[in-house]
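Peer 1: My questions are about this predicted structure, shown below with the sequence.
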Amino acid sequence: MPKGKIVAGVLAPHPPHLVYAEGAAQNEARGECGWEELRWAYARCRESIRALEPEVLLVHTPHWQTIVGHHVLGLPRFQGHAVDPIFPHLFRYHYDLQVDVDLSLRIAEEAAHLGLLTKVMKNPDFRIDYGTITSLHLMRPEWDLPVVVLSANNSPYYFSDVYGMDEMSKLGQASQAAIAKSGKRAVLLASNSLSHRHFTREPEPAEDMTHEHIYDYGHYLWDMKVLRLMAAGQSRELLDILPEYIANTAAEVKAGGLTWMLAALDYPSYPAEIHGYGSVIGTGNAVVAWQHERAGGQA
Ligand code: 2XP
Ligand code: FE2
């Protein structure tokens, strides 16, 4: 069996607004339009990832938060109806996802070797969170690939960002080792927004873009600083300033997806491709790809 590899990593934020605006058939709420810069960024990114012919998608999601340990989905199929608790009028999605259980179990095993507490979710009625569904839908609306879903252990909130980042880095190493053994071509999705203060009022209709803008100038400057580091291939420098960035902007990367992904990619020093940046109800969001295979990454 050939060695598996990570062919790309993507910062793949999950505003449910984008699925609503796309008018996705699986979603009960359908918008007319909205958030085009982000939706078009996803369209470009999706094609560049499709060209890599991935065999499995892995997603680390902040909205499956686990207090004890790092969890993975451990049944071959999950079907259900996911409703966003904050935006139930925009996102009520009927999902049907196939899990790469072998790879999930391998990750749990590798993570345990690195000293992480792990658990495998085997409840057939488990409700998949909207972060997972939105990032996967926007990256691969056909749902034709098996997936691995990793929970966000709550250590960055319960202990500290630095402690949490250490755990997420180990999870990234474990994911890399498991993918190598799997023989598969994998794409990693860090399901995270950037600056993350929501507006408290929504326009009517929600897709009225005359109201949409970044929450404040300071958040915008921080988001641009972070994107410049990504585009310059300075992922270690980015991780060094991550706690300060999170403290200043409530950035959703706190939950660990970005740290997990950059560790699994061996801290890329090649430039990431910024497909687009835009705000959703005031939060900063960017679709960014690390073309790992193309850059000669070995992981
Ligand atoms: O509420 C959240 O945590 C989201 N990430 C979705 C909403 C707006 C987005 O960025
Ligand atoms: Fe979120």
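Peer 2: Structure received. Ligands and ions are numbered 1, 2, ... in the order given.
Peer 1: List, one by one, the residues from this protein near ligand 1.
Peer 2: Listed as neighbours of ligand 1 in the chain under the rule Cβ under 6 Å from any ligand atom: 13-15, 86, 193, 252, 280-281, 283, 285. For every residue, glycine as well, the C-beta is placed using N, CA and C.
Peer 1: List buried residues within these.
Peer 2: 13-15, 193, 252, 280-281, 283, 285 (16 or more other Cβ atoms under 10 Å).
Peer 1: Make TSV out of those residues and add secondary structure and pLDDT.
Peer 2: Shown next, in TSV, are those (DSSP: H, G, I helix; E, B strand; the rest coil; pLDDT from 0 to 100):
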residue	secondary structure	pLDDT
Pro13	coil	98
His14	coil	98
Pro15	coil	98
Ser193	coil	98
Glu252	helix	98
Val280	strand	98
Ile281	coil	97
Thr283	strand	98
Asn285	strand	98
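Peer 1: In CSV, could you pull the C-alpha coordinates for stretch 32-50?
Peer 2: Coordinates of each C-alpha in stretch 32-50 appear next as CSV, following Å, rounded to 0.1, in the frame of the first residue of the first chain:
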residue,chain,number,x,y,z
GLU,A,32,-31.8,34.6,-2.5
CYS,A,33,-28.2,35.7,-2.5
GLY,A,34,-25.6,37.2,-0.1
TRP,A,35,-22.0,37.0,1.1
GLU,A,36,-20.8,36.6,-2.4
GLU,A,37,-17.1,37.2,-1.8
LEU,A,38,-17.0,34.2,0.6
ARG,A,39,-19.2,32.0,-1.6
TRP,A,40,-17.1,32.7,-4.7
ALA,A,41,-14.0,32.1,-2.6
TYR,A,42,-15.4,28.7,-1.7
ALA,A,43,-16.2,27.9,-5.3
ARG,A,44,-12.6,28.6,-6.4
CYS,A,45,-11.1,26.7,-3.5
ARG,A,46,-13.4,23.7,-4.0
GLU,A,47,-12.3,23.4,-7.7
SER,A,48,-8.6,23.6,-6.7
ILE,A,49,-9.2,20.9,-4.1
ARG,A,50,-11.2,18.7,-6.4
